[in-house]
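**Student:** From the sequence below, what's the structure:
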Amino acid sequence: MNRRDWIKACSAVAMLAATPWAAAAERIKRIGKTEAFDYAWLKGQARTLAAKPFDVPSEKLPQGLETLDWDQYQAIRYRDAHALWDAPDSYFRAKFFHLGLFFKTPVHIYEVVDGQAQEIAYDPAMFEYGKSGVVSKTLPADLGFAGFRLNYEGDWTRDVVAFLGASYFRAVGGSMQYGISARGLAIDCGMDRAEEFPRFAKFWLVRPALKAPVSEVYALLDSASITGAYRFALAPGKIFRMDVDAALYPRKTIERLGIAPLTSMFQFGENDRRVSNDWRPEIHDSDGLTVHTGAGEWIWRPLTNPVTRRFNAYQDENPRGFGLFQRDINFDHYQDDGAFYDRRPSVWIEPKHGWGKGSVQLVELSTPDETFDNIVAFWNPAEPPQAGQELLYGYRMYWGSDLPQGPDLARVVATRTGIGGIVGKPRPYPSWRFTVDFAGGDLSMLAADAKVEAAIQVSRGKTEIVSARPLASVGGYRAQFDIKDVQGTEPVDLRLFLKIGSRALSETWLYQWNPPA
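**Tutor:** I've put the predicted structure just below:
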């Protein structure tokens, strides 16, 4: 090397060392060549993949990972010093999940810098294996990752969003508490046959600009029935905002396609105490489904833990939004100082354009405990997708405990049910009582003698002892009624809202009740 070349080389090294990304770049290994990347290219990849037979991924884990239990898997920790984007003035850091336990299929993760993508290599030096029992030197060099998570400036310990397992991901709001999970897509959910779980096979993480409050992530989805290209713009905060675009390419006809699916857990609450054998008063990640219809109606549907699978479809055209909410954020109602169900975020889905005709669908499964997600909600288009189509969906997601979405009308704040009749008097026939509390809207402004009515519809049976009266404890109203003369044990659909004359004062409360034998 002559003197001129030596000076150039030294200058290049000095420039690299001076860049804010240099230290982190040295700790993260890359494999393969860099390739040009953008969303148009990714959509092309998904379309091309859809024209080929599905390549079933292997779920064979190396010895030492396949038998890990929960505690052993949790003992594997990512080293903070190996975080991607660990640089001054970077608002994001990315860390990776290790394979093992339920996460058996490796995903490929790429970093995108200035439109050029290169794969990030698995390196056992990234992880601390602790008491997991895993011997890192026995693991293959091309092991891969299970997923990734992001930390946000101000707290490099707790992550704010994670993509892990199939097409699952979840985020936190200001409470920094995980709860609901979202998915890229649901296929044949709640049907009489096995559900299909598409998976994100590859991720592209775009290096954010310094001090940028938004991180961009792309993903390639693949399954036996469909492929897809996804773009996520992630903006953490008290309300975590996600901007999502999805281009979907079916391999075949899909009977029940679930767009923007949300997955949650409801074991028991004030309205459904069927399995309330726990010392805590309530256990749930979410307590209701809310829908803002294309016609402008706001609907609240309390969740339940049914004896058997329950499926409901709420027909609509161009919905304005839907989501699973944890409206009850009062610690006293849970008394759980470990799981903190009062801090679980709600999630709202807001379409960015017209989705046409279809239905918001709700699947409720039976669960004996809180470790099993038994609630799924999603949008299902009226026309089943066909092979060769391109389906484009765009929506915004909001995660948090105090979401801005909501009606100007009064909202349901509690639903309770129990035996009907009049206390202290004989009950000559079976009846069941429903008590629904409303607060907000204009209720606190009404005169004491306002003619507030409970407008009720039931699919079977008759109602009696109907009332709507002020409830000072919530600054609102309590609607109450009994249902009787119900024949059989098939579900009964109930509908209720408050009104004065022809003017609605509240959102619409929907419920599905299974009469006892």
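**Student:** For the closest residue to residue 172 other than its chain neighbours, give its distance to residue 466.
**Tutor:** Nearest residue to residue 172, sequence neighbours excluded (CB to CB, 6 or more residues apart in numbering): residue 160, at 5.4 Å. Yep, even glycine has a C-beta here, placed from its N, CA and C like the rest. For residue 160, the distance to residue 466 (CB to CB, to the nearest Å) stands at 47 Å.
**Student:** circling back to that earlier point, residues in contact with the residue nearest to residue 172?
**Tutor:** Going by CB atoms under 8 Å, 6 or more residues apart in numbering, residue 160 touches 150, 151, 152, 171, 172, 176, 236, 240.
**Student:** Of the residues you listed, grab the buried ones for PyMOL.
**Tutor:** To isolate the buried ones among those in PyMOL, judged by 16 or more other CB atoms under 10 Å, type:
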select buried, resi 150+151+152+171+172+236+240
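**Student:** can you redo the contacts of residue 160 as a markdown table with pLDDT, secondary structure and distance to residue 135?
**Tutor:** Listed next are the contacts of residue 160 as a markdown table, based on pLDDT from 0 to 100; DSSP: H, G, I helix; E, B strand; the rest coil; distance: CB to CB, whole Å:
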| residue | pLDDT | secondary structure | distance to residue 135 |
| --- | --- | --- | --- |
| 150 | 98 | strand | 29 |
| 151 | 97 | strand | 28 |
| 152 | 97 | strand | 34 |
| 171 | 98 | strand | 34 |
| 172 | 97 | coil | 34 |
| 176 | 95 | coil | 34 |
| 236 | 97 | coil | 36 |
| 240 | 97 | strand | 38 |
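**Student:** What residues are bridge-paired with the spatially most central residue of the chain?
**Tutor:** In the chain, the centroid-proximal residue (CA atoms, centre = their mean) is residue 182; its distance is 2.7 Å. Beta-bridge pairing of residue 182 under DSSP bridges involves residue 169, residue 262.
**Student:** Residue 375 now?
**Tutor:** Here residue 375, judged by DSSP bridges, has bridge partners residue 264, residue 364.
**Student:** wait, it sits on residue 267?
**Tutor:** No - using CB atoms under 8 Å as the test, residue 375 is too far from residue 267 to be in contact (10.2 Å).
**Student:** tell me which residues of the helix or strand that contains residue 227 are tucked away?
**Tutor:** Using DSSP states H and E, residue 227 sits within strand 226-235. For strand 226-235, the neighbour count (16+ other CB under 10 Å) marks 226, 227, 228, 229, 230, 231, 232, 234 as buried.
**Student:** Relative to residue 74, which of those residues is nearest.
**Tutor:** residue 234 (24.6 Å; CB to CB).
**Student:** Show the contacting residues for that closest one.
**Tutor:** Residues in contact with residue 234, defined by CB under 8 Å, 6+ apart, are 150, 161, 171, 214, 215, 216, 217, 240, 241, 242.
**Student:** among those, which ones are buried?
**Tutor:** 150, 161, 171, 215, 216, 217, 240, 241, 242.
**Student:** Would you mark the buried spots in stretch 504-517?
**Tutor:** Of the residues in stretch 504-517, 504, 505, 506, 507, 508, 509, 510, 511, 512, 513, 515 count as buried by neighbour count, 16+ other CB under 10 Å.
**Student:** from these, which two are the most distant?
**Tutor:** It's 505 and 515 that sit farthest apart of the buried residues of stretch 504-517, by CB to CB, at 29.4 Å.
**Student:** ok so, going back, looking at the buried residues of stretch 504-517, spot the one nearest residue 134.
**Tutor:** Closest to residue 134, out of all of the buried residues of stretch 504-517 and judged by CB to CB, is residue 512, at 46.9 Å.
**Student:** which residues does the closest one bridge with?
**Tutor:** residue 493.
**Student:** Could I get the contacting residues of it?
**Tutor:** Contacts for residue 512 (CB under 8 Å, 6+ apart) come out as 304, 310, 312, 491, 492, 493, 494.
**Student:** Can I have the buried ones of those as a ChimeraX selection?
**Tutor:** To isolate in ChimeraX the members of these that are buried, counting by 16+ other CB under 10 Å, one can use:
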select :304,310,312,491,492,494
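**Student:** I'd like the contacts of residue 512 as a markdown table, with pLDDT and distance to residue 294 appended.
**Tutor:** Formatted as a markdown table, the contacts of residue 512 follow (pLDDT from 0 to 100; distance: CB to CB, whole Å):
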| residue | pLDDT | distance to residue 294 |
| --- | --- | --- |
| 304 | 97 | 26 |
| 310 | 95 | 25 |
| 312 | 97 | 18 |
| 491 | 93 | 25 |
| 492 | 96 | 26 |
| 493 | 97 | 21 |
| 494 | 98 | 23 |
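**Student:** Could you work out the most separated pair of the contacts of residue 512?
**Tutor:** The farthest-apart pair in these, when distances are taken by CB to CB, is 310 and 494, at 14.1 Å.
**Student:** Got the domain ranges for this structure?
**Tutor:** 21-167+190-252+384-405, 257-382, 411-513 (automatic domain parsing).
**Student:** Deepest-packed of those, please.
**Tutor:** domain 257-382 (a mean of 19; mean count of other CB atoms under 10 Å).
**Student:** Please enumerate the strands of the stretch 101-250 of the chain.
**Tutor:** All strands of the stretch 101-250 of the chain, identified by DSSP state E, counting those that start in this stretch, fall at 108-113, 116-120, 127-128, 147-152, 155-164, 168-171, 181-183, 185-187, 199-206, 215-222, 226-235, 240-250.
**Student:** Put together CSV for the contacts of residue 160, with distance to residue 247 on each row.
**Tutor:** Listed next are those as CSV, based on distance: CB to CB, whole Å:
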residue, distance to residue 247
150, 23
151, 29
152, 28
171, 22
172, 28
176, 32
236, 25
240, 23
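**Student:** Low-confidence stretches in the chain?
**Tutor:** Within the chain, the stretches with pLDDT under 70 are 1-26, 404-406.
**Student:** For it, which segments count as helices?
**Tutor:** 3-18, 22-27, 39-50, 70-74 (DSSP state H).
**Student:** quick one on the thing from earlier: which one of the buried residues of strand 226-235 is nearest to residue 156?
**Tutor:** Residue 156 has its nearest neighbour among the buried residues of strand 226-235 in residue 234, at 16.5 Å by CB to CB.
**Student:** Now the closest one. Nearest residue, chain neighbours left out?
**Tutor:** residue 215 (4.6 Å).
**Student:** need the contact list for that neighbour.
**Tutor:** By CB under 8 Å, 6+ apart, the neighbours of residue 215 are 92, 150, 205, 206, 208, 233, 234, 235.
**Student:** how does it look with 10 Å?
**Tutor:** Under the criterion of CB atoms under 10 Å, 6 or more residues apart in numbering, the contact list for residue 215 reads 85, 91-94, 150, 152, 160-161, 205-208, 232-236.
**Student:** ok, it to residue 121 distance?
**Tutor:** Residue 215 is 21 Å from residue 121, where distance means CB to CB.
**Student:** same thing with residue 171?
**Tutor:** Distance from residue 171 to residue 121, by CB to CB: 27 Å.
**Student:** Also residue 134?
**Tutor:** 18 Å.
**Student:** Now do the contacts for residue 468.
**Tutor:** With contact set as CB under 10 Å, 6+ apart, residue 468 has these partners: 436, 438, 450-456, 477-481, 496, 498-499, 505-506.
**Student:** Could you rerun that using 7 Å?
**Tutor:** Going by CB atoms under 7 Å, 6 or more residues apart in numbering, residue 468 touches 452, 453, 454, 477, 479, 498.
**Student:** Among those, which pair sits farthest apart?
**Tutor:** Longest span within the contacts of residue 468, CB to CB: 453 and 477, 10.3 Å.
**Student:** could the contacts of residue 468 go into CSV alongside distance to residue 99?
**Tutor:** Below are the contacts of residue 468 laid out as CSV (distance: CB to CB, whole Å):
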residue, distance to residue 99
452, 58
453, 59
454, 55
477, 54
479, 52
498, 53
